[in-house]
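*Asks:* Here is the input, now give the coordinates:
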Amino acid sequence: MLTIATVGTAYQMACDTGIIRGGDDTAFGAKLNLVSMWCIVLPLSAMTAFYFQKPAFKAGFLLTKAVKSGIIYPFIRKVR
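*Replies:* Predicted coordinates for the structure are as follows:
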């Protein structure tokens, strides 16, 4: 699990904080963090914890990386 999270963090953090904000598109970075955390990851983590009775920390940690990387990758490819 840590290996997957590390790879996701390495891609997501470099793109989110470096490329997008460095390219003068801070609004996309703010929207990305707002939508991915509050509208996708938090509800899915709560559902994982209370409905499926699984550890929410693991689900939230992996979902954060997967969702952000999934949103950032097409955006970076489009900007090129």
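*Asks:* Give the burial count for Gly23, as a bare number.
*Replies:* As a burial measure, Gly23 scores 12 neighbours (other C-beta atoms under 10 Å). C-beta here means a position set from N, CA and C on the backbone, and glycine is covered the same way.
*Asks:* Dihedrals phi and psi, it?
*Replies:* phi -80, psi 10 (degrees, to the nearest 10).
*Asks:* Skipping its backbone neighbours, what lies nearest Thr48 in space?
*Replies:* Ala59 (4.0 Å; C-beta to C-beta, 6 or more residues apart in numbering).
*Asks:* Okay, and that neighbour sits in which element?
*Replies:* helix 56-79 (DSSP states H and E).
*Asks:* which helices and strands sit right next to that helix?
*Replies:* helix 2-13, helix 26-34, helix 42-50 (3 or more C-beta pairs under 8 Å, 6 or more residues apart in numbering; DSSP states H and E).
*Asks:* And the pLDDT at Cys48?
*Replies:* For the record, residue 48 is Thr, not Cys. Looking at Thr48, its pLDDT reads 83.
*Asks:* in this protein, which helix or strand is least confident?
*Replies:* helix 2-13 (a mean of 65; mean pLDDT, DSSP states H and E).
*Asks:* after that one comes which helix or strand?
*Replies:* Counting by DSSP H and E, what follows helix 2-13 is helix 21-22.
*Asks:* what's next to that next one, contact-wise?
*Replies:* Contacts with helix 21-22, where a contact means C-beta atoms under 8 Å, 6 or more residues apart in numbering, come from Gly29.
*Asks:* mind checking how far it is from the chain centre?
*Replies:* In terms of C-alpha atoms, centre = their mean, to the nearest Å, the centre of helix 21-22 is set 17 Å apart from its chain centre.
*Asks:* do the same with stretch 29-37
*Replies:* So, by C-alpha atoms, centre = their mean, the centroid of stretch 29-37 is 8 Å from its chain's centroid.
*Asks:* What's the mean pLDDT across that stretch?
*Replies:* 79.
*Asks:* tell me which residues in that stretch are buried?
*Replies:* For stretch 29-37, the neighbour count (16 or more other C-beta atoms under 10 Å) marks 29, 32, 36-37 as buried.
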